[in-house]
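>>> model this:
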Amino acid sequence: MPDLPPARRLLTAEPARCYDVVVLSYDERLLRRKRLVTVHDEGFMVDLPQVTNLDAFWGFELEDGRNIHVVAAEEPVMVVTGPDIARYAWHIGNRHTPCQIEADHLIIRTDHVLEAMLRQLGAGVAHRMEPFAPESGAYGIGRPMGHDHGPGHAHHAHPIGHVHHFSAHNRPDKVDEPAP
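Okay, the predicted model is just below:
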């Protein structure tokens, strides 16, 4: 099957119709030029003028007018809870770690060093698989610069309040049919 037409532009709002969905991790949602593949195994090319954080966008409009929605993939994360959320957030931020901030908990990528630190501070830490959409930073839609703990400790991402869960066993049906 040939690829879909390339992406023509980024969409900030949900259009009337959606052709398909592409599910991307937190790291994959920061891109400039890449071939993406939809949940229905159709590829299309994205070639943006600069590196772009897709968390600020609904998705793509292709050259033929079809729309592809960008959805955050489920990833291994840690949900941080406890009586001193502000203190935990300070320590996470002090390590320049991307953090999703909710009213009563924080979400960060799985990291055994941060987990040990947070538990020592009295935080509750639960491991989950869910989309990760951390704060983009005070100056716009960029990305916070993180760190890692070397080989073997890779960081393992949809805007807050509107989360979709897609996996190989839970794939949405296309809304539109291909154009003739």
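>>> could you look up the SS state of residue 114?
helix (DSSP: H, G, I helix; E, B strand; the rest coil).
>>> list the contacts for it?
78, 92, 95, 97, 108 (CB atoms under 8 Å, 6 or more residues apart in numbering). C-betas here are computed from N, CA, C, even on glycine.
>>> apply 10 Å and report the result again.
78, 80, 88, 91-92, 95, 97, 99, 108, 123, 125, 149 (CB atoms under 10 Å, 6 or more residues apart in numbering).
>>> what comes up buried for the strand ranked longest in the chain?
In the chain, with assignment by DSSP state E, the single longest strand is strand 43-53. For strand 43-53, a neighbour-count test (16 or more other CB atoms under 10 Å) marks 44, 46, 52-53 as buried.
>>> same check, this time on stretch 80-95
80, 82, 85, 88-89, 91-92.
>>> please enumerate residues in contact with that stretch?
97-108, 111, 113-115, 117-126, 134-135, 144, 146-147.
>>> just the buried residues from these, in PyMOL please.
Those of those that count as buried under 16+ other CB under 10 Å are selected in PyMOL with:
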select buried, resi 97+98+99+100+105+106+107+108+111+114+115+117+118+123+125+134
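>>> one step back: kindly reformat the buried residues of strand 43-53 as CSV containing pLDDT.
Shown next, in CSV, are these (pLDDT from 0 to 100):
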residue, pLDDT
44, 98
46, 97
52, 91
53, 90
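>>> could you dump these to CSV with distance to residue 38?
Shown next, in CSV, are these (distance: CB to CB, whole Å):
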residue, distance to residue 38
44, 8
46, 12
52, 19
53, 20
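>>> which stretches of this structure form helices?
85-94, 112-120 (DSSP state H).
>>> relative to residue 27, how far out is residue 61?
Using CB to CB, to the nearest Å, residue 61 is found at 24 Å from residue 27.
>>> cool, residue 115 as well?
On the measure of CB to CB, residue 115 and residue 27 end up 20 Å apart.
>>> how about residue 97?
As for residue 97, its distance to residue 27 is 14 Å (criterion: CB to CB).
>>> with residue 129 instead?
From residue 129 to residue 27 the distance is 16 Å (CB to CB).
>>> so for these two, which sits in the more crowded spot?
Per other CB atoms under 10 Å, whichever of residue 129 and residue 27 has more neighbours is residue 27, with 17 against 14.
>>> brilliant, that's me finished.
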